[in-house]
Structure formats: structure tokens, C-alpha cells
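Asks: sequence unavailable; structure follows:
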């Protein structure tokens, strides 16, 4: 096998109270990636469609992630004479800067595909580490909030970075996600800078009470408990100012039945969780009602939780 | 029915990373309480055995909790002419000041028993609220960390106080608890005063990653994950100084197989969780090895998780 077609999903990081630790994978949108193993050493980004992403490999998350994998592979390579390179074609359906894991989808997709092409020498945690190098290029921080759910699927929890310890949580099967992506720019680095370095102990206790309850709600498939625990007393009050009509979206979506939601990643996308496809569609309608009168372009998405994560098929 | 015998269990609050939110109930030790419904209005603490607890009702948690219940009951009482009072006998097997929920056992036990004697007019959350009034008298703060697991049994999570929202988590059936109670005095109010009002965001994120993982570990019965998540980067480093040889206890118990553990409530008791009774017993041996050379009296306890919480039987 020398070529592989990969579908790499959008992801939501910072799942309300689970800031920096809980994320989930979506079925839609997803990037299409064509990855070819070649005999030309090095990594070549052949084409990028539907995006103005940097062709400059030093700024591209797919390149950086695959480079990290290749470097490690060369250390464990059995046939040292064999020359290995990769050619990448990216069809970016996930818009860069949307806050739903665009750079993560590229990075996670190529390392996942390369692992298959090489005969699966690496385990999941290793693949996540390689993909995190892509995130380092894209956002300045080698975070796993998006690459972990992209690779593992479902809802993931990062317990610790050192050592890297990631758990796939249970996903209730009627959990749906509605997303609105206002086409405004929020840089991850700016969104991080406005956060406080110190927080109130009382707020932190509220937050970890909610995190514990959210995880319990997922395992029990208790949508009411999930709904009550979707509360962020620490990050949302600060970042909400970056997103026009954030609270109006949140209040109106909950009024018509959304369980709750918040800022996806560091924004500008806003997501809402619902029980069932019917409510998730009504949430999209409400998002349209709030945003259509504004002078802001936007897109909406609707998706169930993607339990499998990245999917692939052989080309030749 | 006019008299009831109640067994009210010891409890562990502040379950390592779950500071202020996660607690659990023990099978042993437990208080024995005899509660009688009488026609003499008011609450009479008849006798307290095995303890120097205040007979002064204004300082007794059982009195305060039962008074809160009685006040509410009188508002909903159908037969307004009926005069109702209670007589309490407490046999305190849980030592006051031990940090394993002595005041909570008294408070929770009497309100639980009174509810049975009155024909169960109150629900669980109401009983917890009454018992919290006992905690207010005992520690200055109407916290639910101990009364919730005492009343509900198992491992409990307080998601929120306002509104009061408490969830009983899943308890893996091989989870055992070993406890050492050094007979030194640590006042809850002092233990709280030394805590910082502001904490680092990075520490808080670690803590809620661990809380999420602990809850996931409980539901999955994944003892390894439970073990890895029993880490407290915020409170333990400050309070550990109050307890002689705390870190030696923790390290040595983990060396011989304990999953992990920490300070019970605000101390001075230290608890360790283990998978299975055999390891829990070995942990007690290690606790003895560490403490027997010291000039400090101490007691040890071993118990499985108490899934039911308070138990009662009719007297007449």
C-alpha cells in the first residue's frame, strides 16, 4: 500500500467547564487528505484545496506533525537503506481559524495515515504526540485538546500532559452538536493572553464540581446532569466578550431545549449540545435568527459525536 | 413506631483532587444512635456515650440538625395540635475531631431517623440540608461533604450548593479504605484558614483533569486510572504540614500497592484507597510501621465503601 485517503474530523476543545481537558470529535465537517508514501526523502505538500493555508512547510501543522513522526520512524527503521518520504494533498473543509480544530485535523490526519502506510509502528499516544507538534507550529502551544479527540474519536479527557494521560469517556448516543462559526478572527494566542493567571479558589471548586458531574453525566447518559454541569465560571466570562451576541446565542438556544454549550476552542465558533437531532436542528434555526440580522458572515454545522475519529481507505 | 436505632457511618470528605466536592461513606466506624419520638415538645439529648461532646445543645450538631428538621416539619404538620419532640442517645464510636465526619454522623443520623419516625415527609436533599445545619454548628460552615455520603451512601459528588445538586457516583466493588487517625488536634477552621484564596490557573486545570479522570475511573472500575488521578496539587501541599509524616505514609502505602489517598476532611486522619481487602490490610501494617515509633497516639480503621449509608431498625 502506497496511498491512502483519510477523513479527519473537526473537533471541539474546551468543552465548557472542561477547559483545556475535555474535547470531542464531530462527524462533520471533516478534511479529506490524500497521503502517499514515496521513495523521495522528505515531506512534500503537493496541493492544498479550499484554503489559503501556508504552503510554507515550516508554518503548516501537517508538515510539522509528519516531520516529527518521520524523525522518530528513522530511529526505529529496520531497513536503514530504505528511503521514505511523503506527499500530502489536503482538501480543507474545516476552515482555518474557525476554532473547531482545523490545524489539528491536518496534523492528526497525516500522522494517522502515515502510521497505517508504515504498518502501524506507533501507538495512539505516540500519534497524539506527533500531532501535537503540528499544534505547536499552528498555535505556539503543543496542546492535545483537538488532536486527541480527532485520533481517538468520541469525548476525550486529558488528565495530564506529563506523563501524557488521555482517556476516552463514554458518549451518550443521542448527543448532537450544533455549531455557528462567525467569520471573525480570534487568534488563539490573543484568546489565551486575556485569561488570568490566578483564579479564585471558590471558582475553581465550582469548576471541578462541574467537570466531575459532566463526566458522571456522560457515563450515566443523564442528559439533565450533563445540562446542569455545562457551566464555565472561569474562562467563558472573559472570552465571551470576543464573540458578538454570545450570551444571546447561549440563552436562546437553551430556551428551545439545548443542553448547554459555549465557546469552541478559543473561538470564534460557538457550539451547543442537544439530546437528539431534532433539537440540534432547532438550535441551528435559533443561531440563524440571532446572526442573520448582523453584518457578520457565518456558517453553521450540525453533527452527532464521531465515535471512531479519523477514518481511512486504501487507494493503491 | 416511636423509637428507632440508627447506624450512622464515618465519612471521608475532600477525596484528594475532589476537594470540597467528592466524599465517600465507610462501613466502619459508625455511630449508634437511639432516637425516640415523644409528646414533649423540643429536643432532648438524653445521653452521650464514649465522648466528651458538648451536652450543651447549642453546640451539638445532632441537636442543630434535628431542630432544623423539626422547624420545617411544624410548618407542614397536618395535625397542628399534635405535640412532637425527640429524645436522642448518641453512642459516639467516631471520635470527634478525627476528620472522618463525626459531627456529620450525628447530624445525618438523627435527621434520617426522625424522617422515618415521622413517616418520611422529607426527601434526600431536604435531609441533607437539615444535616448541614448541624455542620454549621460544628465547624462554622454548612458544608455537605460528609453529610451527603452519610445519607446517600457510596461516593458522592457535590456539583453545586446553589442550587444544592448532589450525585451518587458509581463505586467499584473492590474499593477499600485504610485510615490512620493520629490523635492530634487539627481544627477545621484553622485548616481552612491556611488555604490560599487565589490559586494558579495551571494548577486548577491539573486538578479538574484529575477530578474528571477520577469520576471516569470510578464508572469504568479502572483502578489504574483511579490511582493516577488521586493527586491533589492545590490543598494537600499546604495542609500536609499539619500532619506528622504525611508524605512518608503516602509514599510507603503506595509502594506496597495502595492506589493513593490523602488527608481525610481537614485532617488529622489520613486515608488510603486500595483494590481489595488484602492490600488494604497491608496498608494498615505500613501505617503502623510509620507511626508506632512516634510519640503520638493513633488509631487505625479498615473498611469497604458503604453503599447504603445510614441504616436503621425499629425498636418499638
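Replies: Sure, I can see it. Model, not experiment: these values are computed from the prediction.
Asks: could you check how far stretch A:213-233 is from the centre of its chain?
Replies: Relative to the centre of its chain, stretch A:213-233 is centred 20 Å away, using Cα atoms, centre = their mean, to the nearest Å.
Asks: ends of that stretch, how far apart?
Replies: One end of stretch A:213-233 sits 15 Å from the other (Cα to Cα, to the nearest Å).
Asks: got the contact list for that stretch?
Replies: Contacting residues not belonging to stretch A:213-233 are listed as A:15-19, A:22, A:155, A:157, A:169-175, A:203, A:206-207, A:210-211, A:259-262, A:273, A:275, B:157, B:159-160, B:165, B:167, B:169-170, B:212, B:215-216, B:219-220 [Cβ atoms under 8 Å, 6 or more residues apart in numbering or on different chains]. From N, CA and C alone the C-beta is placed, and that goes for glycine too.
Asks: what comes up buried for that stretch?
Replies: By 16 or more other Cβ atoms under 10 Å in any protein chain shown, the buried positions in stretch A:213-233 come out as A:213-220, A:222-223, A:225-233.
Asks: re earlier: select only the buried ones of the contacts of stretch A:213-233 in ChimeraX?
Replies: Filtering the contacts of stretch A:213-233 down to the buried ones (16+ other Cβ under 10 Å) takes a single ChimeraX command:
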select /A:15,16,17,18,19,22,155,157,169,170,171,172,175,206,207,210,211,259,260,261,262,273,275 /B:157,159,160,165,167,169,170,212,215,216,219,220
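Asks: which SSE is immediately downstream of the lengthiest helix in chain A?
Replies: Secondary structure of chain A per DSSP state H: the longest helix is helix A:201-220. Sequence order places helix A:223-229 as the next helix or strand after helix A:201-220, per DSSP states H and E.
Asks: thinking again about what came up before, in helices, which of the contacts of stretch A:213-233 fall?
Replies: Judged by DSSP H, helices contain the following of the contacts of stretch A:213-233: A:203, A:206, A:207, A:210, A:211, B:212, B:215, B:216, B:219, B:220.
Asks: confidence score at the last one?
Replies: According to the model's per-residue confidence, residue B:220 sits at a pLDDT of 98.
Asks: same thing with the first one?
Replies: Model confidence at residue A:203, expressed as pLDDT, equals 97.
Asks: quick check: closest non-adjacent residue to it.
Replies: residue A:233 (5.0 Å; Cβ to Cβ, 6 or more residues apart in numbering or on different chains).
Asks: what values do phi and psi take at the one you found?
Replies: Geometry field for residue A:233 lists phi and psi as phi -90, psi 0, criterion degrees, to the nearest 10.
Asks: for residue A:47, what are its contacts?
Replies: So residue A:47 contacts A:89, A:90 (Cβ under 8 Å, 6+ apart).
Asks: run a quick neighbour tally on residue A:112.
Replies: By other Cβ atoms under 10 Å in any protein chain shown, 29 other residues sit near residue A:112.
Asks: that one touches residue A:310, doesn't it?
Replies: Yes - between residue A:112 and residue A:310 there is a contact at 4.6 Å, judged by Cβ atoms under 8 Å.
Asks: so what sits against both of these two?
Replies: A:6, A:8, A:151.
Asks: chain B contacts on the stretch 1-150 of chain A?
Replies: Counting by Cβ under 8 Å from any Cβ of the partner chain, the residues of the stretch 1-150 of chain A lying close to chain B are A:17, A:18, A:19, A:20, A:21, A:22.
Asks: close enough to count as contact, the fifth one and residue B:209?
Replies: Yes - Residue A:21 sits in contact with residue B:209 when judged by Cβ under 8 Å, with a separation of 4.3 Å.
Asks: re the thing from before, quick check, nearest of the shared contacts of residue A:112 and residue A:310 to chain B?
Replies: residue A:151 (18.2 Å; Cβ to the nearest Cβ).
Asks: next, count neighbours for that closest one.
Replies: If you count neighbours by other Cβ under 10 Å, residue A:151 ends up with 29.
Asks: need phi/psi at it.
Replies: Backbone torsions for residue A:151, taken as degrees, to the nearest 10, come to phi -80, psi -40.
Asks: so it makes contact with residue A:311?
Replies: No - counting by Cβ under 8 Å, residue A:151 does not reach residue A:311; the two are 11.5 Å apart.
Asks: which neighbouring elements make contact with the strand ranked longest in chain A?
Replies: Across chain A, the strand with the greatest residue count (assigned by DSSP state E) is strand A:22-38. In this structure, strand A:22-38 packs against strand A:3-12, strand A:85-91, helix A:102-117, helix A:147-152, strand A:155-161, strand A:175-182, strand A:298-304, with contacts taken as 3 or more Cβ pairs under 8 Å, 6 or more residues apart in numbering or on different chains; DSSP states H and E.
Asks: give me the nearest residue to residue A:257, chain neighbours excluded.
Replies: Here the residue nearest residue A:257, using Cβ to Cβ, 6+ apart, is residue A:279, at 4.4 Å.
Asks: ok, now residue A:118?
Replies: Using Cβ to Cβ, 6+ apart, the closest residue to residue A:118 is residue A:73 (6.3 Å).
Asks: can you get me a residue count around that neighbour?
Replies: Using other Cβ under 10 Å, residue A:73 is surrounded by 17 other residues.
Asks: likewise residue A:142?
Replies: By other Cβ under 10 Å, 18 other residues sit near residue A:142.
Asks: report the contact partners of it.
Replies: Counting by Cβ under 8 Å, 6+ apart, residue A:142 has contacts A:132, A:133, A:135, A:136.
Asks: mind running it again at 6 Å?
Replies: Residues in contact with residue A:142 (Cβ atoms under 6 Å, 6 or more residues apart in numbering or on different chains) are A:132, A:135, A:136.
Asks: in terms of contact, does the first one touch residue A:146 like I think?
Replies: By that I understand residue A:132. No - in this structure, residue A:132 is not within contact of residue A:146 by Cβ atoms under 6 Å, at 9.7 Å.
Asks: residue contacts, residue A:170?
Replies: Neighbouring residues of residue A:170 by Cβ under 6 Å, 6+ apart: A:218, A:219.
Asks: from residue A:295, how far out is it?
Replies: As defined by Cβ to Cβ, to the nearest Å, residue A:170 lies at a distance of 42 Å from residue A:295.
Asks: and for residue A:169?
Replies: The gap separating residue A:169 from residue A:295 is 39 Å, by Cβ to Cβ.
Asks: now do the longest helix of chain A: distance to the chain's middle.
Replies: The chain centroid and the centroid of helix A:201-220 are separated by 21 Å under Cα atoms, centre = their mean.
Asks: what's the angle from it to strand A:22-38?
Replies: 70 degrees (axes from the mean of the first three to the mean of the last three Cα atoms, to 10 degrees).
Asks: distance of residue A:234 relative to residue A:261?
Replies: In terms of Cβ to Cβ, residue A:234 sits 16 Å off from residue A:261.
Asks: and if you look at residue A:24?
Replies: Residue A:24 is 11 Å from residue A:261, by Cβ to Cβ.
Asks: what is the neighbour count of residue A:197?
Replies: 8.
Asks: contacting residues for it?
Replies: The contact partners of residue A:197, by Cβ under 6 Å, 6+ apart, come to residue B:201.
Asks: per-residue confidence at residue A:233?
Replies: On the pLDDT scale, residue A:233 gets 97.
Asks: how far away is it from chain B?
Replies: Residue A:233 sits 10 Å away from chain B, taking Cβ to the nearest Cβ, to the nearest Å as the criterion.
Asks: tell me the most buried of the helices and strands packed on strand A:22-38?
Replies: Among these, helix A:147-152 has the highest mean neighbour count (mean count of other Cβ atoms under 10 Å in any protein chain shown), at a mean of 31.
Asks: give the rounded mean pLDDT of it.
Replies: 98.
Asks: likewise for stretch A:44-52?
Replies: Per-region confidence: stretch A:44-52 scores 76 on mean pLDDT.
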